[in-house]
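Chemist: This is a predicted model, with the sequence first.
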Amino acid sequence: MLDYSFSLGVALSSLLICIVNLIYTFIQKRTDKLQNRFFIAILCILLMNSITSIVTAIFGADSLILDNAARAVELSRYLYFATHTALCPLFFYYVSNVSFVSTRLANRKMLLLSMPFFFTELLALLNPLTSFVWSVDENHVFHREWGEILIYVAALFYYVLSFIVVGTSWKVISGKRRTALVFFFVMVAVGVLAQLINKDLKVEVLSEAIGFTGVMMSVENEDDRIDIGMGFYNRTALNLDICSCLKHERKLHLILIRIHNYDLVNRLVGSGESNVIAEIISGYLKSIVKRYYIYVPEKNTFVLTLYDQPEEKVYALAEDIAKRFEKPWDYGEFSIQLNAAVIVAEVPKQISKASELFYMIDSPMPEKEEKRIMKGADLDFIMRRQTIEDAISRGFAENSYEVYYQPTYHIDGKLHGAEALIRMRDKELGNLYPDEFIPIAEQSGLIDDIDEFVLEEVCRFLKTGIPKKYGIDNINVNLSVLQCMRPGFVESIDRILERYEVDRGMINFEITESIAADDYDTLSTVIRRLKDEGFLFSMDDYGTGYSNVSAVFSLNLDVIKIDKSILWGAEKSTLGMVILENTIRMIQQMNKKILVEGVETVKQIRLLEELKVDYLQGFYFSKPIPRDEFVKYISKGREPV
């Protein structure tokens with residue numbers, strides 16, 4: 001038989017743990033969310049249980065205790081049962097709130113699930129009148145009654161429900177939270193079983209307090225969910241919470257605010273801080289929704305989550321937000337105009353997958369979009385992106401891809417080479433053009449497979465000997481800069497060329513001018529390695545990007561391809577002609593070959609002859625055509641089509 005000192009020590013330990021947890025919770029200011037309040041309520045129950053256990057341990061061991069002490073023990077027991085009976089139901093509500101399950105349940109269902117709690121709580125509260133839960137005889141000896149069994153059964157019911165909630169939400173709860181909740185389940189089970197086996201152990205409250213310490217450290221502590229610079233929930237938190245809502249059929253509206261001129265504002269302010277936009281608008285956002293309903297998945301994008309709000313109220317709020325962003329914002333000595341787009345979407349009506357939401361966040365806005373607020377049918381571009389990505393994924397299995405060739409010519413009209421261009425025909429969507437599916441392939445990580453497919457098709461074509469037979473010097477193959485940055489890229493290129501035993505000088509890789517400044521060093525190393533092996537390199541679409549000119553030419557390229565917009569602009573205005581002439585002159589002074597795209601008329605050819613460019617490409621000669629048609633075309637003497 002354990003003496004009272006053991007029970008007292010256990011109770012004091014429980015009390016200290018609960019006090020520390022409560023103090024830490026309030027210091028961290030984690031008190032505003034509903035789940036925080038459930039957590040605090042549970043800690044308060046455990047705190048009360050610890051105090052009542054201390055009183056019982058001190059006075060309850062002596063059967064000859066005085067009347068006042070007996071009344072203190074009786075009151076302690078009453079408070080223990082009255083509060084502890086609510087512990088497992090509150091934990092069920094807590095877990096349901098953390099995993100968004102509670103929001104799925106209709107009021108009637110929640111009421112039904114709460115009935116065991118209400119009944120057992122009533123039993124505990126009325127025990128002084130009924131003695132259904134416990135009784136004390138004339139010798140102050142405590143006796144368990146049938147009502148206590150019902151309380152344990154109800155607690156087990158909510159314990160199992162909580163376990164089921166965690167199980168059904170397993171994939172949409174972060175690993176840290178899963179571990180903490182499982183730890184709590186184990187600790188509670190161990191404590192309850194130990195006390196059932198030996199009622200003198202009195203370790204149930206201690207095990208629950210320890211279990212909740214783990215919950216506090218891993219669930220209530222949301223440091224991994226907070227964007228430190230912004231002060232709002234981050235992309236990971238948004239993904240998990242939206243997945244939870246979708247998993248449990250939670251309906252809500254989202255308001256996305258995308259700041260288009262984020263980089264410009266940062267440069268204007270000159271702070272170099274990533275949270276400058278948050279500093280400007282955070283106060284406003286927190287005045288219209290609570291801070292835990294705000295997410296920052298990207299530095300220029302804010303997502304507001306609105307639960308259980310009528311559509312009319314959501315649209316009215318979006319309209320107010322759009323109007324506010326039409327006015328300047330004060331930041332220090334600056335008055336800043338933020339160029340913002342506002343998007344309203346409904347989950348799960350319009351957003352049925354978390355990936356669709358992140359398409360909306362990450363994708364460029366539709367061109368020429370002039371609406372102040374995008375909603376309803378305006379969001380069809382999301383579904384279009386989703387279907388295109390699905391088509392890209394299945395494209396290789398269904399042979400949707402084909403390489404087309406567009407010839408290039410010397411300025412004197414002699415065949416020079418060709419550009420290999422990817423085309424896609426999906427069985428469901430029909431013809432998809434590169435301008436639409438290539439950006440999606442880059443963002444989804446599928447571009448590497450497409451680029452390798454094109455290179456293999458070109459190598460297979462070169463191996464036939466047909467291109468060399470008809471005087472083709474080389475074939476241009478487009479490369480994504482993302483692919484060039486990939487570790488092992490050069491080795492993968494070499495493996496393909498060795499497999500087909502193709503002369504490396506027959507391959508001219510094209511990269512776009514729109515290269516981020518941070519990529520130059522890495523890209524320059526890759527180009528140098530491949531050029532040392534005999535490959536050629538061209539700069540595609542020159543004149544449309546934003547690269548530093550000196551940096552572009554430091555890449556040691558063989559050919560600069562002037563974009564068609566430069567040529568066409570020269571025919572429209574004097575300024576356009578000045579741009580074309582000076583662009584060509586600058587490239588020539590740097591001893592680079594020049595290819596002009598978009599040639600469609602004899603007049604353009606005559607102009608380019610006068611400017612002494614090297615190569616021509618355009619519809620005047622041929623549009624991009626499939627390989628077999630291309631072979632027939634060049635075999636007929638390359639007459640223009």
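Modeler: Cool, the structure landed.
Chemist: Grab the nearest non-local neighbour of Lys463.
Modeler: Once flanking residues are discounted, Lys463 sits nearest to Tyr500: 4.9 Å by Cβ to Cβ, 6 or more residues apart in numbering. For glycine as for every other residue, the C-beta is placed from the backbone atoms N, C-alpha and C.
Chemist: I'd assumed Phe461 was in contact with the one you found.
Modeler: No - counting by Cβ atoms under 8 Å, Phe461 is not a contact partner of Tyr500; they are 9.5 Å apart.
Chemist: Looking at those two, which is more packed in?
Modeler: Phe461 (23 against 14; other Cβ atoms under 10 Å).
Chemist: Look at that one and report its pLDDT.
Modeler: Looking at Phe461, its pLDDT is 94.
Chemist: Report the contact partners of it.
Modeler: Taking Cβ atoms under 8 Å, 6 or more residues apart in numbering, we find Phe461 in contact with Val403, Pro467, Ile475, Arg627.
Chemist: now the second one: how far from Ile197?
Modeler: Distance, Pro467 to Ile197, by Cβ to Cβ, to the nearest Å: 84 Å.
Chemist: Which of those two has more residues huddled nearby?
Modeler: Pro467 (23 against 8).
Chemist: State the mean pLDDT of the host helix or strand of the more buried one.
Modeler: Using DSSP states H and E, Pro467 sits in helix 466-469. For helix 466-469, mean pLDDT rounds to 91.
Chemist: again with stretch 611-630
Modeler: Stretch 611-630 comes out at a mean pLDDT of 93.
Chemist: Please spell out which residues along it are buried.
Modeler: Using 16 or more other Cβ atoms under 10 Å as the test for burial, stretch 611-630 gives 611, 613-618, 620-622, 624-625, 627, 630.
Chemist: Surely Ala418 is in a strand?
Modeler: Yes - the assignment for Ala418 (DSSP: H, G, I helix; E, B strand; the rest coil) places it in a strand.
Chemist: Can you name the element that comes right after the lowest-mean-pLDDT helix or strand in the chain?
Modeler: Using mean pLDDT, DSSP states H and E, helix 549-553 stands out as the lowest-scoring helix or strand of the chain, at a mean of 63. Downstream of helix 549-553, the next assigned helix or strand under DSSP H and E is strand 559-562.
Chemist: Keeping just the C-alphas, turn that next one into CSV.
Modeler: Output of strand 559-562 as CSV, limited to C-alpha atoms (Å, rounded to 0.1, in the frame of the first residue of the first chain):
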residue,chain,number,x,y,z
VAL,A,559,24.8,33.0,-82.5
ILE,A,560,22.5,35.7,-81.3
LYS,A,561,18.9,35.3,-82.5
ILE,A,562,17.1,38.6,-82.8
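Chemist: Listing partners with orientation, what would you give for it?
Modeler: Looking at strand 559-562 with DSSP bridges, its partner strands are strand 536-542 (parallel), strand 593-596 (parallel).
Chemist: Tell me which of those strands sits nearest to Gly488.
Modeler: strand 536-542 (19.2 Å; Cβ to Cβ).
Chemist: Pull the closest one out as CSV, backbone CA atoms only.
Modeler: C-alpha atoms of strand 536-542 as CSV (Å, rounded to 0.1, in the frame of the first residue of the first chain):
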residue,chain,number,x,y,z
LEU,A,536,27.3,25.3,-80.2
PHE,A,537,25.2,27.8,-78.3
SER,A,538,22.7,30.5,-79.4
MET,A,539,20.8,33.2,-77.5
ASP,A,540,17.1,32.9,-78.4
ASP,A,541,14.6,35.8,-78.5
TYR,A,542,17.2,38.5,-78.0
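Chemist: That one: how far from the chain's middle?
Modeler: Put simply, strand 536-542 sits 34 Å off its chain's centre (Cα atoms, centre = their mean, to the nearest Å).
Chemist: For that strand, the averaged confidence score.
Modeler: Rounded mean pLDDT across strand 536-542 is 86.
Chemist: again, but for stretch 51-71
Modeler: Stretch 51-71 shows a mean pLDDT of 72.
Chemist: did I read that right, Val342 in a helix?
Modeler: No - read with three-state DSSP, Val342 is strand and lies in no helix.
Chemist: ok, it - how many residues close by?
Modeler: Count around Val342 with other Cβ under 10 Å applied: 23.
Chemist: beta partners of it?
Modeler: With DSSP bridges as the criterion, Val342 is bridged to Ile257, Ile373.
Chemist: so can I have TSV of the contacts of Phe461 showing distance to Arg504 and secondary structure?
Modeler: TSV is the format used below for those (distance: Cβ to Cβ, whole Å; DSSP: H, G, I helix; E, B strand; the rest coil):
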residue	distance to Arg504	secondary structure
Val403	19	strand
Pro467	14	helix
Ile475	12	strand
Arg627	21	helix
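Chemist: Out of those, which is nearest to Asp451?
Modeler: The nearest member of the contacts of Phe461 to Asp451, counting by Cβ to Cβ, is Val403 at 11.4 Å.
Chemist: quick check: longest helix of the chain.
Modeler: The longest helix of the chain (DSSP state H) is helix 34-59.
Chemist: So Ser282 sits against Ile257, correct?
Modeler: No - if you go by Cβ under 8 Å, Ser282 and Ile257 don't touch, sitting 11.8 Å apart.
Chemist: those strands in the stretch 1-150 of the chain, which residues are they?
Modeler: Remark: strands assigned in the stretch 1-150 of the chain by DSSP state E, counting those that start in this stretch are 134-136, 142-144.
Chemist: For the last one, enumerate the helices and strands it packs against.
Modeler: It refers to strand 142-144. For strand 142-144, the helices and strands in contact under the criterion 3 or more Cβ pairs under 8 Å, 6 or more residues apart in numbering; DSSP states H and E are strand 134-136.
Chemist: now do 10 Å
Modeler: helix 67-84, strand 134-136 (3 or more Cβ pairs under 10 Å, 6 or more residues apart in numbering; DSSP states H and E).
Chemist: Ok, the first one next?
Modeler: For strand 134-136, the helices and strands in contact under the criterion 3+ Cβ pairs under 10 Å, 6+ apart are helix 67-84, strand 142-144, helix 146-168.
Chemist: 7 Å - rerun?
Modeler: strand 142-144 (3 or more Cβ pairs under 7 Å, 6 or more residues apart in numbering; DSSP states H and E).
Chemist: Tell me the strands beside the strand it packs on, with direction?
Modeler: In its sheet, and by DSSP bridges, strand 142-144 pairs with strand 134-136 (antiparallel).
Chemist: Please state the offset of the strand it pairs with from the chain centre?
Modeler: Going by Cα atoms, centre = their mean, where strand 134-136 is centred and where its chain is centred differ by 57 Å.
Chemist: Listing request: residues of the stretch 1-150 of the chain with sub-threshold pLDDT.
Modeler: In the prediction, the stretch 1-150 of the chain carries residues with pLDDT under 70 at positions 1-4, 60-67, 102-107.
Chemist: about what we covered before: in the longest helix of the chain, which residues are buried?
Modeler: The neighbour-count check on helix 34-59 (16+ other Cβ under 10 Å) flags 35-36, 38-43, 45-59 as buried.
Chemist: Helix 67-84 and that helix, what's the angle between them?
Modeler: Helix 34-59 and helix 67-84 meet at an angle of 150 degrees, taking axes from the mean of the first three to the mean of the last three Cα atoms, to 10 degrees as the criterion.
Chemist: so what does helix 34-59 touch, helix or strand wise?
Modeler: So helix 34-59, by 3+ Cβ pairs under 7 Å, 6+ apart, packs with helix 4-27, helix 67-84, helix 87-98, helix 204-215.
Chemist: Just the closest of the buried residues of stretch 611-630 to Leu111, please.
Modeler: Pro624 (66.1 Å).
Chemist: my guess is the closest one meets Ala420, correct?
Modeler: No - the pair Pro624 / Ala420 is not scored as a contact, 9.0 Å apart, by Cβ atoms under 7 Å.
Chemist: where do the contact lists of the two overlap?
Modeler: Tyr405 (Cβ atoms under 7 Å, 6 or more residues apart in numbering).
Chemist: Many thanks, have a good one.
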